[in-house]
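> Below is the structure, and that's it, no one-letter string:
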């Protein structure tokens, strides 16, 4: 190994950097885009509904209508919740675990779930909470590797469903093709009429570069006659305020009954004042899209900084995803050095998401996949962080 890069790395360490790119969060300038919500006046009555009081357990009429438009679902199939799509997903899994018919998931022997990888660490943690075994299948350019999924389904019993992010997949950015989603419905339905398709569409409106067209998942489920097996969730967590936005779930038949039942026990009533604020701020889906164009102008330059930095690496070191939306980039090293890169970056004052976080149980069998979250820090800090990253990647590659 050239002494030059080691000397340079020591110079970087001497700067005493403290940069955190572990989580995909909006920066303050993005949050400022929704500051009008903070001062928005809301009339206490919406027709005959007193927004200050109990009632409307499934959301206000306007909020459910907005969610229905965003998810391309019928009003009757949509519930408006709080905080995040992850919360609604957790509530849906909990309701299946406790009350699913004919058999609650807690009574199923060795229950399993399909998790495309790389994937979202909070999905994995949620399934682990319920003792549900996670089986991985790889993602390819247009979605889930259908051939690998078919083999997994053929070789395993008691697979309850699949959880995935179909648009700007977290963290590698795939946008599932319509054909891929239809194939998921086909083979899942063939496996079991109880197979659950759980789509976390957290980045549904988060394009920052031109993105291929995708038919709404709920519409594809309807075409595939899979509505009674499909759940679609999304939220405003990265649209307005983290923890202060709205979330939406589309479900049908007994799944709709289950989510209503569990929320009826857990949630005394939603924050209708906040729902009203949001429906005044966003009159319709077009208003949401116009707002997200402003986000795109702030987010895109940061992704381009990362792309330019990673392009400096030799192909023999690794490659990376180039998503057109969402909040993450995935780097894959050619050697099993992901954990070494993380350690070196930490030595130099740059915190990355831990190696393994992109896989269930924190175990990446290849030790080669890392998630990069560029949005939260300044462009200047991001440039420094990526300089550290590519230096660490080169050192780790040459030392292996």
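Perfect, I can see it now. All values reported here derive from a predicted model rather than from experimental measurement.
> Now do the contacts for residue 305.
Residue 305 makes contact with 374, 379, 382, 383, 386, according to C-beta atoms under 8 Å, 6 or more residues apart in numbering. Quick note: C-beta positions are derived from backbone N, CA and C, even for glycine.
> Run the chain-centre distance for the lengthiest helix in the chain.
Secondary structure of the chain per DSSP state H: the longest helix is helix 285-310. Counting by C-alpha atoms, centre = their mean, to the nearest Å, helix 285-310 is centred 16 Å from the centre of its parent chain.
> buried set for it?
285, 288, 291-292, 295, 298-299, 302-303, 305-307, 309-310 (16 or more other C-beta atoms under 10 Å).
> Just give me the closest of those residues to residue 226.
Closest to residue 226 out of the buried residues of helix 285-310 is residue 285 (23.5 Å), distances taken as C-beta to C-beta.
> what separates the closest one from residue 321, distance-wise?
Per C-beta to C-beta, to the nearest Å, residue 285 is found 27 Å from residue 321.
> hang on, the earlier thing: just the buried ones from the contacts of residue 305, in PyMOL syntax?
To isolate the buried ones among these in PyMOL, judged by 16+ other C-beta under 10 Å, type:
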select buried, resi 374+382+383+386
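> In CSV: the contacts of residue 305, plus distance to residue 143, pLDDT and secondary structure.
What follows is the contacts of residue 305, written out as CSV (distance: C-beta to C-beta, whole Å; pLDDT from 0 to 100; DSSP: H, G, I helix; E, B strand; the rest coil):
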residue, distance to residue 143, pLDDT, secondary structure
374, 24, 97, coil
379, 32, 97, helix
382, 29, 98, helix
383, 33, 98, helix
386, 28, 98, helix
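> can I get the contacts of residue 305 in a markdown table with distance to residue 34?
Listed next are the contacts of residue 305 as a markdown table, based on distance: C-beta to C-beta, whole Å:
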| residue | distance to residue 34 |
| --- | --- |
| 374 | 21 |
| 379 | 21 |
| 382 | 23 |
| 383 | 27 |
| 386 | 28 |
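> quick revisit: need the mean per-residue confidence for the longest helix of the chain.
Across helix 285-310, pLDDT averages out at 98.
> ok, then the element right after it?
strand 318-320 (DSSP states H and E).
> That next one packs against which elements?
In terms of contacts (3 or more C-beta pairs under 8 Å, 6 or more residues apart in numbering; DSSP states H and E), strand 318-320 is packed against helix 285-310, strand 329-333.
> And the contacts of the last one?
When contacts are defined by C-beta under 8 Å, 6+ apart, strand 329-333 is touched by residues 118, 171-173, 303, 306-307, 310, 317-323, 341, 358, 368-372, 374, 389, 393, 396-397.
> let's go with 7 Å and repeat that
118, 171-172, 303, 306, 310, 317-321, 323, 341, 368-372, 374, 393, 397 (C-beta atoms under 7 Å, 6 or more residues apart in numbering).
> Buried ones among those?
Applying 16+ other C-beta under 10 Å to those flags 118, 171-172, 303, 306, 310, 317-318, 320-321, 323, 341, 368-372, 374, 393, 397 as buried.
> just to revisit the earlier point, grab the two from the buried residues of helix 285-310 that are most spread out in space.
285 and 309 (35.0 Å).
> Verify the contact between residue 377 and residue 22 for me.
No. Contact criterion C-beta atoms under 7 Å: residue 377 and residue 22 do not qualify, at 10.6 Å.
> What is the burial count for the residue nearest to residue 83 when sequence neighbours are not counted?
In space, residue 83 comes closest to residue 243 once its chain neighbours are excluded; the distance is 5.4 Å by C-beta to C-beta, 6 or more residues apart in numbering. Using other C-beta atoms under 10 Å, the number of residues around residue 243 comes to 9.
> which SS class is residue 243?
What DSSP: H, G, I helix; E, B strand; the rest coil gives for residue 243 is coil.
> same thing with residue 81?
Going by three-state DSSP: residue 81 is strand.
> Okay then, goodbye and thanks.
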